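# The following comprises the amino acid sequence and a computationally predicted model.
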Amino acid sequence: MKAENLDNVTSEYLPNAVTSIENNLILNWYPQRMVERFGRCQSLLDLGIGHGYTPHLFSKVCDRHVIVEGSQLVIDLFRKNSPDFSGEIVFSYFEDFETDERFDVIIMGFVLEHVDDPAFVLDRFRRFLKPNGRLFAAVPNAKSMNRRLGVELGKIDDIYSLNANDLALGHKRQYCRDTFRAEIENQGFRVVHEEGIYLKPLPLPVLQTLPDFEANLQAMLKVGIEFPDLCVGLLMEAELA
């Protein structure tokens, strides 16, 4: 997204966006899953503030927390709403970020589907990872159950096509499990763990009619861990190859 003004695609990242229910669900789930994997670390580098869910969680489990964010509008909103945040926020495009530091953990939570050249970003940030460090990355899944159903119902013409919601969020590509793993491993990483994020069987308006809606959402998150190929999102953990 280097050539773009990132402030132009922030509407879905503001409060009350139409996708807020599932954003709340997923963005409160997958970061905690990452933390359960690495526990606590000395230093953590996080790409993007996004919806603002993750900074406070990650700050609690590391001694030094650095966030790289390319939208000044997002930074200003986050600082306004989170005056107590103690981490460092660097205003920079991912492609331009430079540092002499090396980090124990690097987080790319729903980042690679947004950038112009994900291979470039992965290669660039590989140099910022300590030899025994871990990369955690999450992306939407093109082959999720709901997208597969969408193809069968004629709602989506191709499993990898970008719908209106994708475009509103600034997505530039769709990954499946195989292409996501290949993207990471082609840039000098070795994937050591994979899991699914949110096994969604039906459209949200249908799910909302269930009497135990919230309990069903939590069950879909937990069951989805073991079925990444069908989930809305994919989570992978990698180390240097």
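Right, received. Where do you want to start?

# Just name the shakiest helix or strand of the chain by mean pLDDT.
In the chain, no helix or strand scores lower on mean pLDDT, DSSP states H and E than helix 164-168, which sits at a mean of 81.

# So the nearest residue to residue 62 once chain neighbours are set aside, which state does it fall into?
Distance criterion Cβ to Cβ, 6 or more residues apart in numbering; nearest residue to residue 62, sequence neighbours excluded, is residue 44 at 4.1 Å. Yep, even glycine has a C-beta here, placed from its N, CA and C like the rest. Using DSSP: H, G, I helix; E, B strand; the rest coil, the structure places residue 44 in strand.

# Contacts only, for residue 44.
Counting by Cβ atoms under 8 Å, 6 or more residues apart in numbering, residue 44 touches 58, 61, 62, 64, 65, 66, 103, 104, 105, 106, 107.

# Distance of the third one relative to residue 170?
According to Cβ to Cβ, to the nearest Å, residue 62 and residue 170 sit 27 Å apart.

# ok, residue 223 touching residue 199?
Yes. Between residue 223 and residue 199 there is a contact under Cβ atoms under 8 Å: 5.3 Å.

# So these two - more neighbours on which side?
Between residue 223 and residue 199, residue 199 has the larger neighbour count (other Cβ atoms under 10 Å), namely 21 against 14.

# and that one, what pLDDT?
pLDDT recorded at residue 199 is 96.

# quick one, phi psi at the closest residue to it other than its chain neighbours?
Using Cβ to Cβ, 6+ apart and skipping residues adjacent in sequence, the residue nearest residue 199 is residue 224, 3.4 Å away. Torsion angles at residue 224 (phi, psi; degrees, to the nearest 10) stand at phi -60, psi -20.

# i'd like the first residue to be 26 from this point on
New numbering, starting at 26: the last item is residue 249.

# ok, residue 249 - contacts?
220, 221, 222, 223, 224, 255, 256, 257 are the contacts of residue 249 under Cβ under 8 Å, 6+ apart.

# Turn these into a markdown table, columns for secondary structure.
Shown next, in a markdown table, are the contacts of residue 249 (three-state DSSP):
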| residue | secondary structure |
| --- | --- |
| 220 | strand |
| 221 | strand |
| 222 | strand |
| 223 | coil |
| 224 | coil |
| 255 | helix |
| 256 | coil |
| 257 | coil |
